[in-house]
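> generate coordinates for the sequence data below:
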Amino acid sequence: MKRLTLSAVLFAIALAVCANKTEYMMRPTADGYLFFIMPFSIPSEEKGVKPLTADITIPPNVLTADMRITVMTKEEAGIDSVRISNRDTAVTYPAKILYAEKRKKGWKYRIELTLPYETVTYIYSYPTPYTIGIIDGESIRASYSPAQHTWDKRRGEMEELFYVVEINKNNRKERK
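Numbering: from 1, shown residues only. Prediction:
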């Protein structure tokens, strides 16, 4: 009975936290809760380049996170990886192109990469905004980074989400 009551209380806390936010959604699955971080834009560090749009899915196992990125380029690109960096760390992940679409003024790419969950939490624990580099072969095709004030707000939202993820992860362990 105590376990059921604790589960109900933790679930109510998680719902209350999620109810006031539209930045992410939490959905129950047979294996636990799936978290979806709604699409967000990150401006380019170069003038005239459209911002990228990204979303993140954290599956119930909470070991990895899938990041999907939409990026526009003026010419066809051979995007093969994405570099995520901040002042002290740079990590490169292979990118899978989900689709490439020819547009009037260039190309639209939808790419996906899988990150360790710890990498995502580390990125958002750092006070300075990260940079995402889209890599084509050996060179960075474009770089994107949020403004500091946007980053500060986003970090607070993400810390709240990570807390909810942890509550649900621990609750799942207790039920087993």
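
> what about the closest residue to Ser44 other than its chain neighbours, distance to Thr64?
Ranked by C-beta to C-beta, 6 or more residues apart in numbering and with sequence neighbours excluded, the top spatial neighbour of Ser44 is Tyr144, at 5.3 Å. C-beta: built from backbone N, CA, C; applies to glycine. Taking C-beta to C-beta, to the nearest Å as the measure, Tyr144 falls 22 Å from Thr64.

> neighbour count: these two, which is higher?
The neighbour count for Tyr144 versus Thr64, taken as other C-beta atoms under 10 Å, is higher for Tyr144 (23 against 16).

> any idea how far the more buried one lies from Ile42?
Relative to Ile42, and taking C-beta to C-beta, Tyr144 is found at 4 Å.

> next, show the common contact partners of these two.
51-52, 132 (C-beta atoms under 8 Å, 6 or more residues apart in numbering).

> got a list of what the residue most central in space within the chain touches?
Among the residues of the chain, Ile56 comes closest to the average C-alpha position under C-alpha atoms, centre = their mean, at 3.4 Å. Contact partners of Ile56, counting by C-beta under 8 Å, 6+ apart, are 36-37, 65-68, 120.

> which helix or which strand is home to it?
Using DSSP states H and E, Ile56 maps to strand 52-58.

> pull the distance from that strand to the chain's centre.
4 Å (C-alpha atoms, centre = their mean, to the nearest Å).

> number of nearby residues for the residue nearest to Glu157 when sequence neighbours are not counted?
Excluding the flanking residues, the one nearest Glu157 by C-beta to C-beta, 6+ apart is Glu23, at 5.0 Å. Glu23: 14 surrounding residues under other C-beta under 10 Å.

> for the chain, which spans come out with low pLDDT?
Applying pLDDT under 70 to the chain picks out residues 1-22, 171-176.

> in it, which helix has the most residues?
Longest helix in the chain, counting residues (DSSP state H): helix 148-175.
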